[in-house]
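>>> could you look at this predicted model? Sequence included:
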Amino acid sequence: MNVRTVWSLGNLSRTALRGAALRCVQTAGRRWGGTRARGLPSWYSRGSPLCVMGAGRRAGSRDSYLRPPFILMSAAAFSIFSKLHKEEEEDLSESEQQIVYLLKKAKLSIMKGEMDEAEEILHGTLHLAQENKSKRAIIYTYDLMANVALLRGQYDNAEKLFKTTMVYMLESGIKQDDNSFLEISLKLASIYASQNKKDLAVAGYQFCILSLEEKTKMEKDLPQDILTAEEKTNTRLLLGLSLDSYARYLVSQSQLLHAQVMLERALHISKEEQGDLHPQTITLLNDLATVMEAQGRYDEAYGFVSQALPLAEKADHPDYHILLTNMATILMHQGGMKHLADAEGIFREALKKAEEKKDAISVQYIQEGLSKLNSRKEEKSQKI
């Protein structure tokens, strides 16, 4: 699975794009070690557990919504695995073929949500990989184990396993600017962000972004026989993913102007590499609308959501009803009688689609929006 697919899955797995700001809910957990693992960048110097992050209203917000950060299944694991299983069959020993089979089986169990089974398979796989001294298999197995720990809420253990994965990667000659290394770096940056470890989070995001910016410039003019177009695209999409993730962290810190810049850059990459109808492009247009709305820049917010809506309808975007809700909310804040009338019609359309989707959270939010809308209409009528 390449970066293009992982980025897409990250968006489609989020059912709501809500929250002009994000809140962190800290989860207690012990730190892993007090010193930096050998060979890792300096910003990894402290360990911390991942906290649960969700959408929430910021005090004083205008009730606009931005999607919460998401937890990616490791893109690094998938890219390393693809290199492993694409080897010619005759290049793999019987033991290596067994390892590949077990890794596939574990990945399938994870996708089915059978975490106990996945964990059991991976422990056996790790033992076999260590016996065969197959560093590629060890790296991939540790990374999958980290993801299982992450999905089970064992956040301190997940961080430890991710760092172990990175140490093995460096010892195997994988450089710090390799996409697989940077993908895990981005995941750790998000862990630090969710724990409100501000210095580590910002350093981590900047490490990923600056490394990928430099890499994209270096790769741009390389001929096809040295680097394929797909590989160049994957690097650019990973940069877009990093910008997107950093933007959502900046929103959580109320740094809306800075977040806007990051989202605009991510949108530019998504449009160029994936096209206007790609779910990520539509999602980023919506996110820019919510950031503008949170700043009180309603006309600009309306412009972005107006771009997103017809694209979402044409692409059958799963969150079309949420985009409708955001448009209605923006119109309601603009405040004119015509705005309020248009907002009511759009709210009702959004409510119908949310009920069809059985999205209870959106239904509740839309009903609240309609209630506020009626109050504003009454206020306007009394003034007249």
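Received the coordinates, thanks.
>>> could you use CA atoms for every contact and neighbour count after this?
Noted.
>>> in the helix or strand that contains residue 235, which residues are buried?
In the assignment (DSSP states H and E), residue 235 maps to helix 229-252. By 16 or more other CA atoms under 10 Å, the buried positions in helix 229-252 come out as 232-252.
>>> cool, stretch 375-384 as well?
376-377.
>>> how far off centre is that stretch?
Relative to its parent chain, stretch 375-384 has a centroid offset of 41 Å by CA atoms, centre = their mean, to the nearest Å.
>>> which residues sit against the helix or strand hosting residue 365?
Take DSSP H and E as the rule and residue 365 turns out to sit in helix 360-383. Identification of contacts with helix 360-383 by CA atoms under 8 Å, 6 or more residues apart in numbering yields 16, 322, 325, 329, 332, 337, 340, 344, 347, 350-351, 354-355.
>>> list the contacts of residue 328.
Residue 328 neighbours (CA under 8 Å, 6+ apart): 342-344, 346-347.
>>> the same query, at a cut-off of 10 Å, please.
302, 322, 334, 339-350, 366, 369-370, 373 (CA atoms under 10 Å, 6 or more residues apart in numbering).
>>> distance from the chain centre to the helix holding residue 365, please.
32 Å.
>>> number of residues surrounding residue 257?
15 (other CA atoms under 10 Å).
>>> try residue 175
Other residues close to residue 175 by other CA under 10 Å number 14.
>>> shouldn't residue 171 be in contact with residue 135?
Yes: counting by CA atoms under 10 Å, residue 171 does reach residue 135; the two are 9.1 Å apart.
>>> after the helix holding residue 235, next one along is what?
helix 256-274.
>>> between helix 229-252 and the helix or strand following that next one, find me the angle.
Downstream of helix 256-274, the next assigned helix or strand under DSSP H and E is helix 279-294. Counting by axes from the mean of the first three to the mean of the last three CA atoms, to 10 degrees, helix 279-294 lies at 20 degrees to helix 229-252.
>>> counting contacts, what elements does helix 279-294 pack onto?
helix 3-12, strand 21-25, helix 229-252, helix 256-274, helix 298-315, helix 320-334 (3 or more CA pairs under 10 Å, 6 or more residues apart in numbering; DSSP states H and E).
>>> with mean pLDDT and distance to residue 187 added, can I get these in CSV?
CSV is the format used below for the helices and strands packed on helix 279-294 (pLDDT from 0 to 100; distance: least, CA to CA, whole Å):
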stretch, mean pLDDT, distance to residue 187
helix 3-12, 40, 12
strand 21-25, 25, 16
helix 229-252, 94, 9
helix 256-274, 97, 17
helix 298-315, 96, 28
helix 320-334, 94, 27
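>>> quick one: which of these is nearest residue 154?
Among the helices and strands packed on helix 279-294, strand 21-25 comes nearest to residue 154, with 14.9 Å by CA to CA.
>>> could you list the low-pLDDT ranges of the stretch 1-150 of the chain?
Scanning the stretch 1-150 of the chain for pLDDT under 70 picks out 1-91.
>>> swap the cut-off to 50 and go again
Across the stretch 1-150 of the chain, the ranges flagged by pLDDT under 50 are 1-2, 4-38, 45-82, 84-89.
>>> now the helices: where do they sit in the stretch 51-200 of the chain?
With DSSP state H, counting those that start in this stretch as the criterion, the stretch 51-200 of the chain has helices at 75-85, 94-111, 115-131, 135-151, 155-171, 179-194, 198-219.
>>> and the helices and strands packed on helix 279-294, which is most packed in?
helix 320-334 (a mean of 26; mean count of other CA atoms under 10 Å).
>>> what's the angle between that one and helix 298-315?
160 degrees.
>>> roughly how far out does helix 320-334 sit from the chain middle?
23 Å.
>>> if you count neighbours, what's buried in the helix or strand following that helix?
Sequence order places helix 337-357 as the next helix or strand after helix 320-334, per DSSP H and E. Within helix 337-357, the residues scored as buried using 16+ other CA under 10 Å are 339-341, 343-344, 346-348, 350-351, 353-354.
>>> can you give me the neighbour number for residue 220?
Counted with other CA under 10 Å, residue 220 comes out at 12.
>>> which helices and strands does the helix holding residue 235 pack with?
Counting by 3+ CA pairs under 10 Å, 6+ apart, helix 229-252 packs on helix 3-12, strand 21-25, helix 179-194, helix 198-219, helix 256-274, helix 279-294.
>>> now render these as a markdown table, adding distance to residue 383.
Shown next, in a markdown table, are the helices and strands packed on helix 229-252 (distance: least, CA to CA, whole Å):
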| stretch | distance to residue 383 |
| --- | --- |
| helix 3-12 | 44 |
| strand 21-25 | 33 |
| helix 179-194 | 45 |
| helix 198-219 | 47 |
| helix 256-274 | 34 |
| helix 279-294 | 25 |
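>>> between those, which gets nearest to residue 96?
Per CA to CA, nearest to residue 96 of the helices and strands packed on helix 229-252: helix 179-194, 21.2 Å.
>>> the inter-axis angle of the closest one versus helix 155-171?
With the same axes, to 10 degrees defining the directions, helix 179-194 sits at 150 degrees from helix 155-171.
>>> just checking the distance from helix 179-194 to the centre of its chain.
11 Å.
>>> next, the buried residues of it.
Those would be 179-194, for helix 179-194 by 16+ other CA under 10 Å.
>>> show the average pLDDT along the helix holding residue 365.
Averaged over helix 360-383, pLDDT sits at 89.
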